[in-house]
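Engineer: generate coordinates for the sequence data below:
(2 chains)
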Amino acid sequence: MIKLLKREFTALQDDPWQLALISYIPLLSIIGLWLLFSAGLPRQLPVAVVDLDNSQVSRSLARQLQANPVTKPISYTGLPSAVEAMKQGEVYALLVLPYGLNRDLLTANPPIIDIRYNSQFLLVGKLLSSQLLATMADGLKPLGELKLLANGVAPERVAVSLSPISTQTTALFNRNTNYVGFLVPPVLIALLQLLAMMVFANSLNRELRWNTTEQWYELGLWKVIAAKVLFYTPIVLLHGSFILALIYLFLELPIAGSITVLLIAQTVMLLAVWLMVLTIFFALKDSARVISFCTAMFAPAFAFMGVTFPVHEMPVLAQWWRVIMPTSHYIETHIAVVSYGQDLQASLSQMICYWGFLLLLIPIAILARKGFPVTEESELSTLVKEQ
Amino acid sequence: MSLLQLIWSEIKAVLADKTIVITVFGGVLFYSILYPLPYLNQVPTKQQVVVIDHDHSSLSRKLIRDANASPKIEVITEVGSIDEAKRWIETGRAHGLLVIPADFRQDLLLGKGVTLSYGGDASYFLIYSAIVEGLVSAGLDVSKDVQRMGLLGKGENAVAVNQSLDVVKLNSIPAFNPSLGYTPYVVPGLFLLILHQTLLIGIGILGASQWKKQGYWRQVSPFKLICSRMAAFMLIYSLLSSYYVGYCYYWYDVSLQASLSQVWLLMLPFLLATCAAGIAFSSLFTRRDLPTQVLLLVSMPILFVSGFVWPTALIPEAVVAISQVVPAVPAIMAMLELNQMGASWQSIMPQWLQLWAMVVVYSGLAYWGISKRLKPAA
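Structural biologist: Numbers count the residues shown, from 1 in each chain, chains lettered A, B, ... in the order given. Coordinates of the predicted model:
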């Protein structure tokens, strides 16, 4: 076995791309993706404010927006320029304080405050919509209070009669609805799966490129595969643990369970990825096609994880596709451990759902027995011929 | 070899290479179905919520019924304690909870304030926001009912009561994507990225497999080769983009605002710039399996940096600046502004000119790269 591991090591040494893939490329990609979302909490999102009333009330409402950390009001004098800014994506929402706002309030004619939010950018739009509504409701409260006081309600009863039911909303497991905690783990796990796929596929493809498939079969088909698994699992797992260390140790995002359980879950996920790559490799037996096919399979994994869009809202077909993605099994364990503090035992029983991947051993065995077509020229031999 | 013959041999070379055919045609068709698949139901509805009712009064039951009437929420059961609710959430049977305090109705009738507690599983933001929106609106409704009853009881007339309850009407409406659907949100940007990536991969593999071999590509000048290659891929991709931008956008309910000629005018520099970038990029490789891997790695970053998933204002400026060299980044923004948000042509001029500048720069790089690749053997 040690001989076989050495063989993998020498193979790795003279493949610069593979070396890059297991060393600096993952680190750069992980840090790059984290940087994208590093702001974590959306702040200072530009909102167009068109104040057609220019009264004390309308200005105080605009000031309310200034006080909200999420919104950054930008004043527009007329509606057309604000609409244009909205269409160009310069502002994400538009608030119109109508002419006669103050007068209508005084004469008890309910005025209409128009809010338009950009739902093409769904994430920002939804956030702004709820923030604007809350800010406006808050800003209008003093007016209601004044009215009640004028009607002779006792000052200590004003708050209660204004809103008899107050509410307390708790974002469970992610207290301040931080996007780093929500989005970065699944994005990085999807990346890890892509990296794992490429590393393993490259290692298999190498046998084709250097025409060492005969040597492979002589050394023992399964032994070499086992050596590859033993060699690459710890390496990719290292990057997996880097992801976890970055999110839960360096950034200190809350984690209820233990990181060790997550590492075990990652190992199982990687084994499932290996099985899928092996199946595709033995089915296609051509380096570029293996990569293309694996890419087609694994690239959309993020969409199917069910973090951004809930699983139970997906159509049945999407749920089936989801089942063949190792990451979607992993992310369930991940969220359970991170949010709910699931222990090792429960996580292990959750991992039983990977059993389906073991069925891939059958097609692998059948396809591998067929061997490789002898006629196919490897790139090396064509190279030699040219020279 | 005339240019037309050269274009024809380019197209033949593309169609003869199974890997490129799988990536370009197979990939584009496959992804047009697979990528939007999870989002077909558009909006999350009926999120399971458990209720902890410590009051058991007519009003608390009304509140639960109101919450259940919201399309976003489905009250699945009542549990005795918060611990029990926590277990429901942890096992994935429920995603939110509503706590109605003891003496809820009595306190309201006595004119004391009460506090309702809502909780949602924020491990999933879309579920969380649906639950909170549903519960908050149910709570507001009940609150208004209580106020209305109180005011009517004091002998005020009904019209005046309604007026004093709604001091101001907040008319909040989503613009550009009126249904708040998920496919109109994801599809326009994502599909341009798919076109961009498959085009780069296709040209990349074609180039990588040619540099070390003999063939028609060595018999012509680099300039002619670039022209013919761009023409060949433009031909293929004008068909594929018609399918994406023409048919798929329509099929997935994306809002369409621009005219055909405007969209065509925008796609032209985008495809040209991508072709040129692809040719320049292909001269970096001699291994056929590498272009796919490199592009796969940058796919996710390009998607997130393009500004429709996560606002550009929140991304570090250096990252945004670097991303401007990718043709897909200005193209996605320009397409969204022009076609989905109905901006005028003038307003996307900066991006459009940026794309043309890319055409020039990448063509230059492609010329340089190809001449280098073809020189030693020539």
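Engineer: quickly list the domain ranges of chain B.
Structural biologist: Domain assignment for chain B by automatic domain parsing gives B:3-39+B:181-374, B:47-165.
Engineer: make a markdown table from these and add distance to residue A:259, mean neighbour count and mean pLDDT to it.
Structural biologist: (Glycine included, C-beta is placed from N, CA and C.) A markdown table is the format used below for the domains of chain B (distance: least, C-beta to C-beta, whole Å; neighbours: other C-beta atoms under 10 Å in any protein chain shown; pLDDT from 0 to 100):
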| stretch | distance to residue A:259 | mean neighbour count | mean pLDDT |
| --- | --- | --- | --- |
| domain B:3-39+B:181-374 | 24 | 20 | 92 |
| domain B:47-165 | 17 | 18 | 88 |
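Engineer: residue A:22: which of these is closest?
Structural biologist: Among the domains of chain B, domain B:3-39+B:181-374 comes nearest to residue A:22, with 12.8 Å by C-beta to C-beta.
Engineer: run the chain-centre distance for that closest one.
Structural biologist: 17 Å (C-alpha atoms, centre = their mean, to the nearest Å).
Engineer: just to revisit the earlier point, can I get the domains of chain B in JSON lines with distance to chain A?
Structural biologist: Shown next, in JSON lines, are those (distance: least, C-beta to the nearest C-beta, whole Å):
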{"stretch": "domain B:3-39+B:181-374", "distance to chain A": "4"}
{"stretch": "domain B:47-165", "distance to chain A": "4"}
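Engineer: if you count neighbours, what's buried in the helix or strand hosting residue A:60?
Structural biologist: Using DSSP states H and E, residue A:60 sits within helix A:56-67. By neighbour count on 16 or more other C-beta atoms under 10 Å in any protein chain shown, the buried set for helix A:56-67 is A:57, A:58, A:61, A:62, A:64, A:65.
Engineer: just list the residues touching the fourth one, thanks.
Structural biologist: Just to be clear, that refers to residue A:62. Taking C-beta atoms under 8 Å, 6 or more residues apart in numbering or on different chains, we find residue A:62 in contact with A:49, A:51, A:73, A:75, A:97.
Engineer: which pLDDT value goes with it?
Structural biologist: With respect to pLDDT, residue A:62 scores 89.
Engineer: who touches residue B:229 in this structure?
Structural biologist: Residue B:229 makes contact with B:10, B:203, B:206, B:275, B:279, according to C-beta under 8 Å, 6+ apart.
Engineer: can you get me a residue count around residue A:230?
Structural biologist: If you count neighbours by other C-beta atoms under 10 Å in any protein chain shown, residue A:230 ends up with 13.
Engineer: not counting its neighbours along the chain, what's nearest it?
Structural biologist: Distances taken as C-beta to C-beta, 6 or more residues apart in numbering or on different chains place residue A:5 nearest to residue A:230, at 6.6 Å, with adjacent residues excluded.
Engineer: ok, now residue A:60?
Structural biologist: residue A:139 (6.5 Å).
Engineer: hmm, back to that, show me which of the contacts of residue A:62 are buried.
Structural biologist: A:49, A:51, A:73, A:97.
Engineer: any low-confidence regions in the stretch 51-200 of chain A?
Structural biologist: Scanning the stretch 51-200 of chain A for pLDDT under 70 picks out nothing.
Engineer: is the closest residue to residue B:32 other than its chain neighbours in a helix, a strand, or coil?
Structural biologist: The shortest distance from residue B:32 to any non-neighbouring residue, by C-beta to C-beta, 6+ apart, is to residue B:248 (5.3 Å). Three-state call for residue B:248 (DSSP: H, G, I helix; E, B strand; the rest coil): helix.
Engineer: just checking, residue B:248 touches residue B:35?
Structural biologist: No: here residue B:248 lies out of contact with residue B:35, judged by C-beta atoms under 8 Å, at a distance of 10.0 Å.
Engineer: phi and psi next, for the residue located most distally from the centre of chain A.
Structural biologist: Distance from the C-alpha centroid of chain A peaks at residue A:152, with 54.5 Å (C-alpha atoms, centre = their mean). Here is the backbone geometry of residue A:152 (degrees, to the nearest 10): phi 90, psi 20.
Engineer: which parts of the stretch 251-387 of chain A sit against chain B?
Structural biologist: Within the stretch 251-387 of chain A, the positions near chain B by C-beta under 8 Å from any C-beta of the partner chain are A:286-293, A:295-296, A:299-300, A:302-304, A:306-310, A:313-315, A:317-318, A:321-322, A:335-336, A:338-340, A:342, A:379, A:382-383, A:386.
Engineer: what helices or strands is whichever strand or helix holds residue A:134 leaning on?
Structural biologist: Residue A:134 is part of helix A:122-150 when elements are defined by DSSP H and E. In terms of contacts (3 or more C-beta pairs under 8 Å, 6 or more residues apart in numbering or on different chains; DSSP states H and E), helix A:122-150 is packed against strand A:45-51, helix A:56-67, strand A:71-76, strand A:93-97, strand A:112-118, helix A:155-162, helix B:125-153, strand B:169-175.
Engineer: do that again at 7 Å, thanks
Structural biologist: strand A:45-51, helix A:56-67, strand A:71-76, strand A:93-97, strand A:112-118, helix A:155-162, strand B:169-175 (3 or more C-beta pairs under 7 Å, 6 or more residues apart in numbering or on different chains; DSSP states H and E).
Engineer: send the alpha carbons of the second one over as PDB?
Structural biologist: What follows is the C-alpha trace of helix A:56-67 in PDB, where atoms were taken according to Å, rounded to 0.1, in the frame of the first residue of the first chain:
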ATOM      1  CA  GLN A  56     -42.000  69.400   8.900                       C
ATOM      2  CA  VAL A  57     -43.700  66.000   9.000                       C
ATOM      3  CA  SER A  58     -42.300  64.800   5.700                       C
ATOM      4  CA  ARG A  59     -38.800  65.900   6.600                       C
ATOM      5  CA  SER A  60     -39.000  64.100   9.900                       C
ATOM      6  CA  LEU A  61     -40.100  60.900   8.000                       C
ATOM      7  CA  ALA A  62     -37.100  61.300   5.700                       C
ATOM      8  CA  ARG A  63     -34.900  61.700   8.800                       C
ATOM      9  CA  GLN A  64     -36.200  58.500  10.200                       C
ATOM     10  CA  LEU A  65     -34.800  56.700   7.200                       C
ATOM     11  CA  GLN A  66     -31.400  58.300   7.900                       C
ATOM     12  CA  ALA A  67     -31.600  56.900  11.400                       C
END
